[in-house]
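Visitor: Compute the structure for the input listed below.
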Amino acid sequence: MVVKTLKERLAILSDAAKYDASCASSGTVKRNSSASGGLGSTEGSGICHAYAPDGRCISLLKILLTNFCIYDCAYCINRSSSNVARARFTPDEVIWLTLEFYRRNYIEGLFLSSGIIRSSDHTMEEMVRVARELRTTHNFRGYIHLKTIPEASQALIEEAGLYADRLSINIELPTDKGITDYAPQKQPAGIRRSMGALRLKIEDMAEPTLKTKRRRVFAPAGQSTQMIVGADGASDATILGTSARLYGSYHLKRVYYSAFSPIPDASSKLPLVKPPLIREHRLYQADWLYRFYGFDIGEITSARPDGMLDLDLDPKLSWALSHRDRFPVDVNRAEKEMLLRVPGFGTKTVAGILAARRFRRLRLDDLKRLGVSLKKVRPFIVAESWTPMRLADRGDLRGLFAPPPEQLALF
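Guide: As a prediction, the model looks like this:
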C-alpha cells in the first residue's frame, strides 16, 4: 500500500469537501486575540471560502477528516461504492494544518466535515477532539464550523457546541421518500430528532444562569443544514416548502442548497445530468425572498404549474411579471411591504426610500443615487415626474429582462 503524503491527502480531502456548503462567520460572537492572547479572531469580513488544493490563498480551511465512508448514499461522491481516491487525516494533523495555515495568513477559521468511519460516535469523537484541542490547548479564537453526525450520541454533539461557532446537521434531501430511496442507511426521523435536540440545547444555553445572570457560550452562530438539489424528483415548491418548515421548527440560521453533481462511475443509481447550478442560485434567491421580503412559498412558486422556478429570471421579477395588476407601485406612497416586492429594490434600498421620502418626493435620479437599476424598476414604479404608461403594458415586457438566446455549439 502506497502511503500518501500530507500534501497529497490535503489535495484529496479539500477537493472532496467542495460538496459541503460552507457558511460565513456572521452571527457568532466577536472574539479577538489581541487583548487576551491566543490565535485568530472572528471579526472583520465574514469567513465564507475555502483553501483550494491548487494553492490559492482563501480564508477558510475547508476539509474532510476523511472521505472513507461506511454509508452508500447514491448522490454522494464519497459513498462506499464510489471509485475515488481515499485519504484520511488524524485529528492532530487537522489541528496542525489549521494552526500553520493561520500563521501563514492563509485562513481565518476551520470548516470540518467527514465521512463516517467505524461508527458515527467514533467519527464525531475525532471531530470534537479537533475543536476542543484548538480551543483549549492552542487557544485558537478563530471561527470553527463542524458538520455534525445525527446518528452520533447526543453527548458528543452537545460537547461539539461548546467549542464550535456553528453546528450543522444535514437534512440530506427534501423528502423522506428521497432519503429512503437514495440514502437508506440514514433515518429522516433521526435527523430531525437530532436537529430538534440541538435547537433546544442552543436555546437552553442562551438563557442566563440564576447565579451569574450570564449566558453560556454554546454554538453562538446557531445551526444550519444542507439539502441536495436535483438528486431526486422534488420540485422547487417541495424544496422551499421543506426549507420553510425547517426554519420554523429548528430556528435555523441558514438552509444551504447544494446542486447535485453526477457521480462519474457506472455504479451510480442516479442519471448523469448537468449539475443544476442555476437552479441552486434561484433557490437561494427564493429562500431570501421568504426570509426577508415577506413572500410566501406559494407565491414564489406560483408562476409555473409544475412548481419549478423560472431559470431565466430571478424569482421576484418572475412573480412581478405574473402579477402585473399589482403594479406600478408609487415609491412616494406605497407601504414598505409592497416596496419590497418591486424588482430591483433590496431591503437597504427600501429603507433608504422610506427615510428619504419624509423630506421630498422622490424622482428616478434619487433612486439611481440609492444604487437602483433604473432599467429594471422603471416598468414597475411611479415616481415624481415618471409614469411607466405604455412600458408597463407591453406584451413583450418579459423579453426586456430575459437573457438573450445563445448559439449552441455543434461539436
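Visitor: all strands of the stretch 101-250 of the chain, in order?
Guide: For the stretch 101-250 of the chain, the strands identified by DSSP state E, counting those that start in this stretch occupy 109-113, 143-147, 166-168, 223-229, in order along the chain.
Visitor: right, so of those strands, which gets closest to Gly344?
Guide: Between Gly344 and the strands of the stretch 101-250 of the chain, the shortest separation by Cβ to Cβ is 26.1 Å, and it involves strand 223-229. Where you see a C-beta, it was placed from the backbone N, CA and C, and this is true even at glycine.
Visitor: how about CSV for the strands of the stretch 101-250 of the chain, with mean neighbour count, distance to Val329 and mean pLDDT added?
Guide: Compiled in CSV, the strands of the stretch 101-250 of the chain are given as follows (neighbours: other Cβ atoms under 10 Å; distance: least, Cβ to Cβ, whole Å; pLDDT from 0 to 100):
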stretch, mean neighbour count, distance to Val329, mean pLDDT
strand 109-113, 27, 41, 92
strand 143-147, 26, 40, 92
strand 166-168, 26, 38, 93
strand 223-229, 23, 32, 93
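Visitor: Rebuild these as TSV, extending it with distance to Ser318.
Guide: Compiled in TSV, these are given as follows (distance: least, Cβ to Cβ, whole Å):
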stretch	distance to Ser318
strand 109-113	33
strand 143-147	33
strand 166-168	30
strand 223-229	18
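Visitor: So which of these is nearest Gly190?
Guide: With Cβ to Cβ, the closest approach to Gly190 among those belongs to strand 223-229: 13.9 Å.
Visitor: other SSEs contacting the closest one?
Guide: Contacting strand 223-229 under the criterion 3 or more Cβ pairs under 8 Å, 6 or more residues apart in numbering; DSSP states H and E are the following elements: strand 166-168, helix 188-206, helix 236-250, strand 254-259, helix 277-292.
Visitor: let's see it at 6 Å
Guide: Helices and strands touching strand 223-229, as assessed by 3 or more Cβ pairs under 6 Å, 6 or more residues apart in numbering; DSSP states H and E, comprise strand 166-168, strand 254-259.
Visitor: could I get the ones you listed as JSON lines with distance to Leu340?
Guide: Listed next are the helices and strands packed on strand 223-229 as JSON lines, based on distance: least, Cβ to Cβ, whole Å:
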{"stretch": "strand 166-168", "distance to Leu340": "28"}
{"stretch": "strand 254-259", "distance to Leu340": "20"}
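Visitor: can you tell which of those is closest to Gly222?
Guide: Checked against Cβ to Cβ, the stretch from the helices and strands packed on strand 223-229 lying closest is strand 166-168, at 6.3 Å.
Visitor: Which strands border the closest one, and is each parallel or antiparallel?
Guide: As defined by DSSP bridges, the strand partners of strand 166-168 come to strand 143-147 (parallel), strand 223-229 (parallel).
Visitor: Would you mind giving the ones you listed as a markdown table with distance to Arg291 added?
Guide: Rendered in a markdown table, the data for the strands paired with strand 166-168 read as follows (distance: least, Cβ to Cβ, whole Å):
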| stretch | distance to Arg291 |
| --- | --- |
| strand 143-147 | 20 |
| strand 223-229 | 13 |
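Visitor: Give the burial count for Ala259, as a bare number.
Guide: A count of neighbours around Ala259, defined by other Cβ atoms under 10 Å, yields 19.
Visitor: Leu397 too?
Guide: Neighbour count for Leu397, taken as other Cβ under 10 Å: 17.
Visitor: How about it: what's its closest non-neighbour residue?
Guide: Of all residues beyond its chain neighbours, the one nearest Leu397 is Pro379 (6.1 Å), with distances taken as Cβ to Cβ, 6 or more residues apart in numbering.
Visitor: Where does the one you found sit: helix, strand or coil?
Guide: Taken by DSSP: H, G, I helix; E, B strand; the rest coil, the conformation at Pro379 corresponds to helix.
Visitor: and it, how many neighbours?
Guide: Neighbouring residues of Pro379 were enumerated by other Cβ under 10 Å; the total is 22.
Visitor: do you know how far it is from Lys368?
Guide: In this structure, Pro379 lies at 16 Å from Lys368, with Cβ to Cβ, to the nearest Å as the measure.
Visitor: again, but for Gly196
Guide: Computed with Cβ to Cβ, the distance linking Gly196 and Lys368 is 48 Å.
Visitor: Break the protein into its domains for me.
Guide: For the chain, automatic domain parsing gives the domain ranges 6-275, 315-400.
Visitor: Need the winner for burial among those.
Guide: A comparison of the domains of the chain by mean neighbour count, using mean count of other Cβ atoms under 10 Å, puts domain 6-275 on top with a mean of 18.
Visitor: so how far is Asp306 from the residue nearest to Thr175 when sequence neighbours are not counted?
Guide: Across the structure, with Cβ to Cβ, 6+ apart as the measure, the residue nearest Thr175 apart from its sequence neighbours is Ala234 (5.6 Å). Separation of Ala234 from Asp306 (Cβ to Cβ) stands at 12 Å.
Visitor: returning to that earlier point: thought the residue nearest to Leu397 was touching Trp386?
Guide: No. Pro379 is not in contact with Trp386 according to Cβ atoms under 6 Å; the separation is 11.0 Å.
Visitor: was I right about the residue nearest to Thr175 contacting Pro174?
Guide: Yes. Between Ala234 and Pro174 a contact is recorded at 4.5 Å, counting by Cβ under 6 Å.
Visitor: any idea where the helices of the stretch 301-411 of the chain begin and end?
Guide: Assigned by DSSP state H, counting those that start in this stretch, the helices in the stretch 301-411 of the chain fall at 315-322, 336-339, 347-356, 364-369, 374-377.
Visitor: now swap in the stretch 1-150 of the chain and tell me
Guide: For the stretch 1-150 of the chain, applying DSSP H, counting those that start in this stretch gives helices covering 6-16, 33-36, 91-103, 120-136.
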